[in-house]
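**Q** next one to model:
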Amino acid sequence: MRKYILNIICILIYGMNTTSCTDSYQQMLQQTLEQAEDRKSELEKALSYYNQEKDSLKQKAMFFLIKDMYAHYAYHSPQMDTMNRAFNIIDTVLTQQTNPGMTRYPDYDLFSSIMDSICEKTQRQEKTEIKWDSRTVTANFLIQNVEFAYRAWKTNPWAKGIDFDTFCEYILPYRLGNEQIEHWRPQFYNEYSKRAGKYLNITDINRVSSRQAISLRTQRGIESLYPYSMNMSAVNLMQMGRCYDIVRYRAMLLRSIGIPATMDYVPHWGNYTGKHGIVKVVTIKQEELLENDNSSKNTSVLFGSASFLQGKTLDIKKGDLPEGIEVQYSKTIPKVYRHTWSVQPDRKHILEIANVGEIVPEFSLCIKDVTDEYIICSDVRIEMDTQEHNVGYLCVSEQGEWIPIACSEIKQNKEALFQNMGRNIMYLPAIYENRHMIAAGKPFYLDEKGDVHYIYTDKTEKNNIYLSAKYTYYSYTATHAVKLKGGYFEASNQKDFKKADSLTAINGIPYYRQKITINTPKKYRYIRFIAPEEKDCCLAELSFIGLDENKDTTLLKPIQLYDGMVNNPSLEMLQDGKYNKYYTMSTNQLTVDLGSPQQLTHIELIPRSNTNGIIPGYQYELFYWTEKEGWKSLGKQTAANWYLEYKQVPANALLWLKCHNSGKEERIFTYENGRQRWW
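**A** You can find the predicted model right below:
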């Protein structure tokens, strides 16, 4: 009977009844059906449901889903069901609190308090297990999924130009990640088809869905409360989640109304911490490629948050910053992958040739390399230093660790070809062994032309180097300092400043800290800073140094601080020595009352920043990369000034500076022409 059913299905799919066809069909399904074990009957029931010729496309769609289902799964732990109770409680609380017609809008604190009340923190550390879709889904679930996906594809006018293969890959699938399975299609289809009905094309609907997603909040820290992928109903209820949760939600929203959507993602930035995902409508093609250069132009349109400023540019001219300091505008992209439902042949090949223990945990069979759709990239052939491994990786750096972002087969000549690699990025060839990335060659960077430059550390030549920071000076930090450019200080002995003298102006951009010399013998009681913008200038510290009665240098203590005409107690943080705190001006004037006329010698200001510059009193440790030992220490130093000097540093080394007092943001760098070059 089972063989008869398979023959019927084969006729519907291929239009013929042959033994070879049936064997081929069975072979394609074999891995999923074997994995399903005692749930095999549910899958066969779903396959045989569409047994009429008029349903041949639906039958092919069902076949498409099931043949590669073996590669799809969700994570589960005994505590997940307990944690999921939080969503039901929040739903009840919001229903009771919300008046008719009001928007239900939960917050992070509510979620946190409810999660803490139902789940011990120690329970959240429990290991997860894999629940394969083939052993979980029912025939009814699969049939409903096909019906709603097919209806969305065939009935909506904007979906008319979408071919069957695109439908199967990017509309039909019921999951996009490892979230728990649920019946999300009916609700999404019924709700959003009506909203999208007045639009005629996919581009317009994509814009509408983007605006719809603006209300969804990417919530930092939510993974500490709920360390799993949130399913669609949870995101819909909470209106917040991690970046990938929000992207997945919006992509599923688009799929529900017949728009082929998925998630494209950067597995890790080349010069910045973390990864990033975006919603991709696959029928909308990229118009231009990103060069991966450090340009102040708007690159956000090319890939989500590839630009820190999202369309804005900074007014930075030559000489505004200290010599050797450069603002980093853009995040570099080493790779871009696209989530698919079908198993990709190149990924399957890697899995087939790999030895036991060679595959990294984040490896997926169902991703497609689309880097060349976003950036100008290059193929790189690398000789791997290994005798036994069949799979090699290229990694990028994060806080002293190496994160794999690409894999390739190591051929018999020990070479590996890595295709479509982003330029202007530092890479490390590596292998995976004993759950660790192990170097399999020298670090190298691809320049803007795609040429490879290896890092050859010269231990025979030693240099003295001067370090100003442990982290790249990104534009989102520089923007706070740029706002101070053009501001000026004036002084008076009258509170209303009717008679005032100009003291000094900020002509450049204060890089982390700026000390300004005051050359006047006059004494003043009131000092006023006037910012170039009306408000929102941010200062971490503002100090005044002068002479005491013995003509010794001393820190002057104001008795009053005013923002405009208002005496604000929060202004005290400007002189608390805590550089990670800052005051946001509500006007463009800060006035200091010194209590009595004082002679000033200096004004010291520190703009709002990420506090990644060298800070006096903090302890730092410098490392350089060695091929055999990894990171090797060049010693610890407690900063006596706003910079560090390290002596006898091996020439041409790849370096990493770590702060032992605070902060986790650190980037690798080389030292070239007397300055730090960040990677």
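**Q** neighbours around the closest residue in space to residue 556 that isn't next to it in sequence, how many?
**A** Nearest non-adjacent residue to residue 556, counting by C-beta to C-beta, 6 or more residues apart in numbering: residue 544, 4.4 Å away. All C-beta spots, glycine's among them, are computed from the backbone N, C-alpha and C. Using other C-beta atoms under 10 Å, residue 544 is surrounded by 23 other residues.
**Q** quick one, helices of the stretch 351-500 of the chain?
**A** For the stretch 351-500 of the chain, applying DSSP state H, counting those that start in this stretch gives helices covering 475-482.
**Q** let me fix that: the stretch 101-250 of the chain
**A** Using DSSP H, counting those that start in this stretch, helices in the stretch 101-250 of the chain cover 108-118, 139-155, 164-170, 185-196, 202-214, 222-225, 232-238, 243-256.
**Q** mean pLDDT for those helices: which is lowest?
**A** Looking over these, mean pLDDT reaches its minimum on helix 202-214, with a mean of 59.
**Q** specify the local secondary structure of residue 60.
**A** Assigned with DSSP: H, G, I helix; E, B strand; the rest coil, residue 60 falls in the helix class.
**Q** tell me which element residue 347 falls in.
**A** helix 345-353 (DSSP states H and E).
**Q** now do that helix: everything it contacts.
**A** 359, 363, 364, 365, 366, 367, 369, 390, 391, 407, 408, 409 (C-beta atoms under 8 Å, 6 or more residues apart in numbering).
**Q** at 7 Å instead, please
**A** Contacts with helix 345-353, where a contact means C-beta atoms under 7 Å, 6 or more residues apart in numbering, come from 359, 364, 365, 367, 390, 391, 407, 409.
**Q** list the residues that contact the first one.
**A** The neighbourhood of residue 359, defined by C-beta under 7 Å, 6+ apart, consists of 351, 391, 432.
**Q** try 10 Å
**A** 350, 351, 391, 407, 432 (C-beta atoms under 10 Å, 6 or more residues apart in numbering).
**Q** how about the nearest residue to the fourth one, chain neighbours excluded?
**A** Put plainly, it is residue 407. Per C-beta to C-beta, 6+ apart, closest to residue 407 is residue 393, 5.2 Å.
**Q** isn't the one you found up against residue 431?
**A** Yes. Contact status for residue 393 versus residue 431: in contact at 6.8 Å, counting by C-beta atoms under 10 Å.
**Q** and residue 178, how many residues sit next to it?
**A** Using other C-beta under 10 Å: residue 178 sits among 17 other residues.
**Q** that one touches residue 80, doesn't it?
**A** No. In this structure, residue 178 is not within contact of residue 80 by C-beta under 10 Å, at 11.8 Å.
**Q** so what sits against both of the two?
**A** Joint contacts of residue 178 and residue 80 (C-beta under 10 Å, 6+ apart) are 74, 128, 228.
**Q** among the residues you listed, which has the minimum pLDDT value?
**A** residue 228 (76).
**Q** quick check: the two most widely separated of the contacts of residue 359?
**A** 351 and 432 (13.0 Å; C-beta to C-beta).
**Q** quick one, which of those two is more surrounded?
**A** residue 432 (23 against 14).
**Q** dump the residue contacts of the nearest residue to the more buried one once chain neighbours are set aside.
**A** Closest residue to residue 432 apart from its sequence neighbours, by C-beta to C-beta, 6+ apart: residue 360 at 5.1 Å. The contact partners of residue 360, taken as C-beta under 10 Å, 6+ apart, are 391, 393, 395, 403, 404, 407, 430, 432, 435, 437.
**Q** between these, which is closest to residue 583?
**A** Once C-beta to C-beta is applied, the member of those that ends up nearest residue 583 is residue 403, at 36.5 Å.
**Q** mind listing what that closest one touches?
**A** With C-beta under 10 Å, 6+ apart, residue 403 has these contacts: 267-269, 273-275, 334, 360, 362, 393, 395-397, 428, 430, 437.
**Q** show me how to select, in PyMOL, the buried members of these.
**A** To isolate the buried members of those in PyMOL, using 16 or more other C-beta atoms under 10 Å:
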select buried, resi 267+268+269+273+334+393+395+396+397+428+430+437
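**Q** next, check the contacts of residue 403 against the strands and list the overlap.
**A** Under the assignment DSSP state E, these contribute 393, 395, 396, 397, 428, 430, 437 to strands.
**Q** among those residues, which two are most distant?
**A** For the ones in strands among the contacts of residue 403, the maximum inter-member distance is 13.3 Å, found between 393 and 397 (C-beta to C-beta).
**Q** common neighbours of the two, please.
**A** 403, 427, 428.
**Q** ramachandran coordinates for the closest residue to the first one other than its chain neighbours?
**A** Think residue 403. Nearest residue to residue 403, sequence neighbours excluded (C-beta to C-beta, 6+ apart): residue 268, at 4.7 Å. Dihedral angles of residue 268 (phi, psi; degrees, to the nearest 10) stand at phi -170, psi 140.
**Q** OK, contacts around residue 268?
**A** 274-276, 333-335, 395-398, 403-405.
**Q** quick one: which of those residues is nearest residue 250?
**A** Using C-beta to C-beta, the contacts of residue 268 come closest to residue 250 at residue 276, 14.4 Å.
**Q** burial measure for that closest one, as a count.
**A** 21.
**Q** what about residue 329, distance to residue 80?
**A** Distance, residue 329 to residue 80, by C-beta to C-beta, to the nearest Å: 41 Å.
**Q** ok, residue 435 next?
**A** Residue 435 is 24 Å from residue 80, by C-beta to C-beta.
**Q** go on, residue 480?
**A** From residue 480 to residue 80 the distance is 41 Å (C-beta to C-beta).
**Q** which of these two has more residues huddled nearby?
**A** Applying other C-beta under 10 Å to residue 480 and residue 80 shows that residue 480 carries more neighbours, namely 21 against 18.
**Q** give the contact list for the residue lying closest to that one once chain neighbours are set aside.
**A** Of all residues not flanking residue 480 in the chain, residue 608 sits nearest, at 4.2 Å (C-beta to C-beta, 6+ apart). For residue 608, the contacting residues are 477, 479-481, 483-484, 537-541, 579-584, by C-beta under 10 Å, 6+ apart.
**Q** recalculate using a threshold of 7 Å.
**A** 480, 538, 539, 540, 582.
**Q** mind checking which of these are in strands?
**A** Per DSSP E, the subset of the contacts of residue 608 in strands is 538, 539, 540.
**Q** just the buried members of those?
**A** Here, 16+ other C-beta under 10 Å leaves 538, 539, 540 buried among these.
**Q** so what pLDDT did the second one get?
**A** You'll see residue 539 listed with a pLDDT of 94.
**Q** burial of residue 354, as a residue count?
**A** Residues near residue 354, counting by other C-beta under 10 Å: 17.
**Q** also residue 177?
**A** If we define neighbours as other C-beta under 10 Å, then residue 177 has 20 of them.
**Q** also the one 3 residues further on?
**A** The burial metric for residue 180, expressed as a neighbour count using other C-beta under 10 Å, is 20.
**Q** relative to residue 65, how far out is it?
**A** Distance from residue 180 to residue 65, by C-beta to C-beta: 17 Å.
**Q** which residues does residue 279 bridge with?
**A** residue 263 (DSSP bridges).
**Q** straight-line length of stretch 609-627, end to end?
**A** 35 Å (C-alpha to C-alpha, to the nearest Å).
**Q** also stretch 562-574?
**A** One end of stretch 562-574 to the other measures 12 Å (C-alpha to C-alpha).
**Q** please enumerate the strands of the stretch 401-550 of the chain.
**A** Taking DSSP state E, counting those that start in this stretch to define them, one finds strands in the stretch 401-550 of the chain at 401-409, 415-422, 425-433, 436-439, 444-446, 452-454, 458-467, 488-492, 501-505, 514-517, 523-530, 538-547.
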